[in-house]
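**Q** curious how this folds, go ahead:
(one chain, ligands or ions: 2)
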Amino acid sequence: MKVTFCGAAGIVTGSCYLIEFGNKKILVDCGMFQGPKEITRKNYLPFTFDPKKISHVLLTHAHIDHSGLIPKLFRKGFRGKVFCTAPTKDLSRIMLEDSAYINEKDVQDENRRRRREGLALREPLFTMDDSRKSLRLFSSVNYGRRIKIVKGISARFRDAGHILGSSIIELFVEEKGRKTKLVFSGDLGQWDVPIVRDPTIIKEADYLFLESTYGDRSREDFEGKEKALYDAVKKTFKKGGKLMIPSFAVERTQELLYFIHRLIKKGKFPKERVFLDSPLAIKATDVFRKHGAFYDEETKRSFATPFTFARLENLVTGRDSMRLNNYPGPCIIIAGSGMCTGGRIRHHLKHHLWEPENTLLFIGYQAEGTLGRRILDGADYVHMMGVKVAVKAKVERIEGFSAHADSEELLRWANGFEAKPKKIFVVHGDMDASTALAKRLKSQGYKTHIPKLGETVKLN
Ligand SMILES: [Zn+2]
Ligand SMILES: [Zn+2]
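**A** Ligands and ions are numbered 1, 2, ... in the order given. Reported below is the predicted structural model:
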């Protein structure tokens, strides 16, 4: 049996493992490369395997860095099955359609320029049609049930506690009477956070493929986040200002709504409205509402409807969103994109970033080169949407709103195995993060390896 690391090796994004067993080939994840240009360029390279020969994709969760190239796989001839949980299937639908829309639009814009410059036109990575057709190949599976994939290989999905429906995948391989078990951590969540359950402890593995996004970091705790959020709300409302929160559509937005709902229930701010101004986040929140069975016990206990409350208003159309420009007085505005690189948050920044009574609150990582990062780094003004905007609003940040386990939790999870796996492949992290985690694992007696992109390893 061979495993090839087609993505998320030495980097965070593009998660994709090719598993070859006799003449059978399956993938675990088929994710998009995200981030700076030298990384996203890889999306346009041909697959290093023949998509027509892949019989199955086992999908850990709906994030684009795990699912994003499935429509491209379809475009290049894949007609097999995609197995994932029910929430992953529903979230993938909105994520992959959104991604196709953005991709088609970007290529259109680029081709307009290319035509002007007399250059060859580019083909989109995939189209809306590819996305929709690839989604028909998705089948949902339950947690904890062992399912046959192909002769000699079966799989079991376990809750990874990262985003709703996220999975750890156990792969059971039998070759000439010899059994080998592979465990793919997927992205692991944190313990004791709202909405999602704790990551499932797995007791046995011959080989473990372990994510390391936060392999060199620790996070703030739950109570800290709620208090920091409340402080930002209180200070802003006292000045009569608006609290603008750029947010990612899946999980982050719902976690935020959960905390806001809790504060409202505690009577912390009695009348101000909360606007969710992102069509993608609204759709994602509907998926969360639909799959209440997947919430953790505490969420089920404390709320009948964690993401529905009277003062929450969904702004679906562009016109609804524009009306908010003239909304008088304090309110909370949640809008995409999370790093202010696009989406409706930019309109709100244009209208409200120069007013000192407002607050811009970051709850997510701001990558180098993004508008969010420039503001967070203390720019006095920014150029955006063709205008110059002074940064007079208060700029704040809350750390710890992350769906990822930190280094302590990754170790805690790895230590759940009753016998040490023969080897741990440390993946899905920047080199610093992967190296730091591998070092800590090694000091506890684990055998580790940080694979290179494209590397193939033979197992038994
Ligand atoms: Zn993820
Ligand atoms: Zn990921």
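
**Q** where exactly do the helices run in the stretch 101-250 of the chain?
**A** Using DSSP state H, counting those that start in this stretch, the helices found in the stretch 101-250 of the chain span residues 128-135, 222-238.

**Q** just name the most buried of the ones you listed.
**A** Of the helices of the stretch 101-250 of the chain, the one with the most neighbours on average (mean count of other Cβ atoms under 10 Å) is helix 128-135, at a mean of 19. Glycine gets a C-beta too; all of them are placed from N, C-alpha and C.

**Q** what does this structure put close to ligand 1?
**A** H63, D187 (Cβ under 5 Å from the ion).

**Q** could you point out the longest strand of the chain?
**A** strand 167-175 (DSSP state E).

**Q** neighbouring strands for that one, and are they parallel or not?
**A** The strands beside strand 167-175 in its sheet (DSSP bridges) come out as strand 153-159 (antiparallel), strand 178-184 (antiparallel).

**Q** what's the local residue count around the spatially closest residue to G369 that is not a sequence neighbour?
**A** Once flanking residues are discounted, G369 sits nearest to P36: 7.1 Å by Cβ to Cβ, 6 or more residues apart in numbering. Neighbourhood size, P36 [other Cβ atoms under 10 Å]: 11.

**Q** stretch 375-393: end-to-end distance?
**A** From the first residue to the last, stretch 375-393 extends over 10 Å; the measure is Cα to Cα, to the nearest Å.

**Q** I misspoke; the intended subject was stretch 343-361.
**A** 16 Å.

**Q** which of the residues in it are buried?
**A** By 16 or more other Cβ atoms under 10 Å, the buried positions in stretch 343-361 come out as 343-353, 357-361.

**Q** rewinding a little: look at the residue nearest to G369 and report its pLDDT.
**A** For P36, the pLDDT comes out at 82.

**Q** same question, E175
**A** Note on E175: pLDDT of 87.

**Q** can you check G364 too?
**A** 86.

**Q** the residue nearest to it when sequence neighbours are not counted: what's it in contact with?
**A** Take G364 and drop its neighbours on the chain: the residue closest to it by Cβ to Cβ, 6+ apart is G338, 4.6 Å away. G338 makes contacts with P246, S247, F248, R252, G364, G372, as judged by Cβ atoms under 8 Å, 6 or more residues apart in numbering.

**Q** in JSON lines, list those along with distance to G240.
**A** Shown next, in JSON lines, are the contacts of G338 (distance: Cβ to Cβ, whole Å):
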{"residue": "P246", "distance to G240": "21"}
{"residue": "S247", "distance to G240": "23"}
{"residue": "F248", "distance to G240": "28"}
{"residue": "R252", "distance to G240": "27"}
{"residue": "G364", "distance to G240": "26"}
{"residue": "G372", "distance to G240": "25"}
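
**Q** pull the most distant pair out of those residues.
**A** Greatest spacing in the contacts of G338, by Cβ to Cβ: R252 and G372 (13.3 Å).

**Q** which positions in this protein make contact with ligand 2?
**A** D65, D187.

**Q** ok, the residue of the stretch 351-460 of the chain found nearest ligand 1 to Q254 distance?
**A** Scanning the stretch 351-460 of the chain for the residue nearest ligand 1 gives A403, at 6.4 Å (criterion: Cβ to the ion). According to Cβ to Cβ, to the nearest Å, A403 stands 10 Å off from Q254.

**Q** over to Y214?
**A** In terms of Cβ to Cβ, Y214 sits 20 Å off from Q254.

**Q** show me where pLDDT drops low in the stretch 51-200 of the chain?
**A** The model of the stretch 51-200 of the chain has no residue with pLDDT under 70.

**Q** show me where it has strands.
**A** Ranges of strands within the stretch 51-200 of the chain are 56-58, 81-84, 138-140, 146-150, 153-159, 167-175, 178-184, based on DSSP state E, counting those that start in this stretch.

**Q** just the buried residues of the second one, please?
**A** Okay, so that is strand 81-84. Buried residues in strand 81-84, counted by 16+ other Cβ under 10 Å: V82, F83, C84.

**Q** ok, and what's touching it?
**A** Strand 81-84 has contacts (Cβ under 8 Å, 6+ apart) with 55-62, 70, 92, 134, 137-141, 147, 149, 155, 157, 165, 167.

**Q** please repeat the previous calculation with a cut-off of 6 Å.
**A** Strand 81-84 is contacted from outside by H56, V57, L58, L59, L137, F138, S139, V141, using Cβ atoms under 6 Å, 6 or more residues apart in numbering.

**Q** what about those, which one has the most neighbours?
**A** When neighbours are counted by other Cβ under 10 Å, L59 leads those with 30 neighbours.

**Q** residues contacting that one?
**A** S67, V82, C84.

**Q** quick one: the last one from G186, how far?
**A** It stands for C84. From C84 to G186 the distance is 11 Å (Cβ to Cβ).

**Q** report how many residues lie close to H291.
**A** Considering only other Cβ under 10 Å, H291 is surrounded by 17 other residues.

**Q** I should have written K266 there, sorry.
**A** Around K266 there are 10 other residues, counting by other Cβ under 10 Å.

**Q** can you give me phi and psi for the residue in the stretch 151-300 of the chain that ligand 2 sits nearest to?
**A** Closest contact between the stretch 151-300 of the chain and ligand 2, by Cβ to the ion, is at D187 (4.3 Å). Dihedral pair for D187: phi -90, psi 130, per degrees, to the nearest 10.

**Q** when you give positions from now on, start the count at 45
**A** Will do, 45 is the new start, and the previous item becomes D231.

**Q** OK, contacts around it?
**A** Taking Cβ under 6 Å, 6+ apart, we find D231 in contact with H206, E255.

**Q** V47: what secondary structure?
**A** V47 falls in the strand class when you classify it by DSSP: H, G, I helix; E, B strand; the rest coil.

**Q** quick check: bridge partners of it?
**A** I63, V501.

**Q** read off the pLDDT value for it.
**A** 98.

**Q** the nearest residue to K125 once chain neighbours are set aside pairs with what?
**A** Leaving aside its sequence neighbours, K125 sits nearest to H100 (Cβ to Cβ, 6+ apart; 5.2 Å). Taking DSSP bridges as the rule, H100 bridges to I70, K125.

**Q** again, but for E255
**A** With DSSP bridges as the criterion, the beta-bridge partners of E255 are V471.

**Q** next one: it from T84, what distance?
**A** 20 Å.

**Q** have a look at those two and say which one is more surrounded.
**A** Using other Cβ under 10 Å, the more surrounded residue of E255 and T84 is E255, with 29 against 15.

**Q** OK, contacts around the more buried one?
**A** So E255 contacts S229, D231, H472 (Cβ under 6 Å, 6+ apart).
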